[in-house]
Structure formats: C-alpha cells, structure tokens
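# take this sequence and fold it.
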Amino acid sequence: MGDEGVGIEVVNILEKKSYTGDIELIDAGTSFFNIVSDLRSFEKVIIIDAVNGGREAGTVYRFKPGDIEEAGRPVTISLHDFGVLESIKLERVLGKFPDEVVFFGIEPYKIELSMELSPQIKEKMNYIIATVLDELKKEGIETVS
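Just a heads-up that it's a prediction; the model follows:
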C-alpha cells in the first residue's frame with residue numbers, strides 16, 4: 001500500500017547494519033496483533049509505522065501510548081487490522097509487556113495499491129533512519145557499520 005510500507009523499509013535498512021548492543025529487528029507486517037505476545041521479554045519496544053497526523057509527508061512523530069490517550073484522539077493508530085495500541089493494551093492486561101514503548105510514526109504521502117514508497121518518503125528516508133538510530137543511542141546502542 002505504498003507509503004504504508006515505510007516501517008518495513010526502515011527495518012530492511014536497519015537490518016543491514018551492525019550494532020554495539022543487543023537489538024532484534026522484527027518485520028511485523030500488517031498484523032502486529034499476531035506478534036505482540038512475543039515482545040514480552042524485551043526491555044523496550046520501538047514501533048515504526050505510517051501515521052496520519054495531518055502534517056507534511058515524511059514528518060516523523062515520536063510518541064508513547066499515553067500521549068495518544070492524553071490527547072483524546074482515537075486509539076487506532078494503525079491502518080491494519082486490530083490496532084497496535086489496542087494490541088499493547090490487551091497484552092498488558094493479559095501479562096507482562098515492556099514498560100517502555102516508543103512509536104515512530106511517519107506521515108505518508110500516498111496510501112495506494114503499490115509496492116513502492118512515494119518519492120516524497122524516499123527522499124526523507126535518511127532522516128527517518130537517523131531519528132530511529134538516535135533513539136537507539138539513548139539506550140547505548142550504536143551502529144558499527
């Protein structure tokens with residue numbers, strides 16, 4: 001679905017790098033609900049996905065689950081099936097889930113039947129990757145290559 005694939009593209013780029021710390025990259029595809037329970041053992045979860053926030057294409061939003069609830073916005077932030085936020089809430093009710101969850105939402109340009117990112121998002125990929133790598137640095141994880 002075009003720019004909806006930005007999270008997968010970011011993961012594909014990050015997978016080509018080596019890191020100084022323990023990191024696991026997971027492509028959850030369109031069904032975060034199916035893998036959410038597998039994330040119980042992690043200390044921190046970073047989620048990257050397309051998010052419609054109404055700003056310029058390629059804008060990177062950084063937020064936590066509570067930020068959405070405090071803003072009084074609808075809690076479905078994913079364009080997929082059962083929403084990411086709903087999956088996390090359910091998992092926290094059923095068992096242990098990492099306390100720290102950070103979302104990086106990327107404003108899409110086009111959500112349409114396509115296997116390619118729009119040129120507007122492609123030109124922002126270096127910035128998007130740098131933003132995610134900055135978050136990893138906060139945890140003491142840096143790239144080696």
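# next up, identify which helix or strand the residue nearest the centre of the chain is on.
Central residue of the chain (Cα atoms, centre = their mean): I48, 1.3 Å from the mean position. Counting by DSSP states H and E, the element that carries I48 is strand 44-50.
# quick check: neighbours of that strand in the sheet, parallel or antiparallel?
Sheet partners assigned to strand 44-50 using DSSP bridges are listed as strand 100-106 (parallel).
# so how far is the partner strand off the chain centroid?
Taking the mean of its C-alpha atoms, strand 100-106 sits 5 Å from the chain's own mean (Cα atoms, centre = their mean, to the nearest Å).
# now for the helix or strand that that strand is followed by, which elements pack on it?
Using DSSP H and E, the helix or strand that follows strand 100-106 towards the C-terminus is helix 119-122. Helix 119-122 sits against no helix or strand, with contacts defined as 3 or more Cβ pairs under 8 Å, 6 or more residues apart in numbering; DSSP states H and E. Bear in mind the C-beta positions are built from the backbone N, C-alpha and C, glycine included.
# helix 119-122 - what's its average pLDDT?
Here helix 119-122 scores 94 as its mean pLDDT.
# how about the helix or strand following it: buried residues?
Next along the chain after helix 119-122, taking DSSP H and E as the criterion, comes helix 125-138. For helix 125-138, burial by neighbour count (16 or more other Cβ atoms under 10 Å) applies to 125, 128-129, 131-132, 136.
# quick one on the thing from earlier: with adjacent residues omitted, what lies nearest to the residue nearest to the centre of the chain?
Excluding its sequence neighbours, the residue lying closest to I48 (Cβ to Cβ, 6 or more residues apart in numbering) is G7, at 4.2 Å.
# buried set for the helix or strand containing that neighbour?
In this assignment (DSSP H and E), G7 forms part of helix 6-15. For helix 6-15, burial by neighbour count (16+ other Cβ under 10 Å) applies to 6-10, 14.
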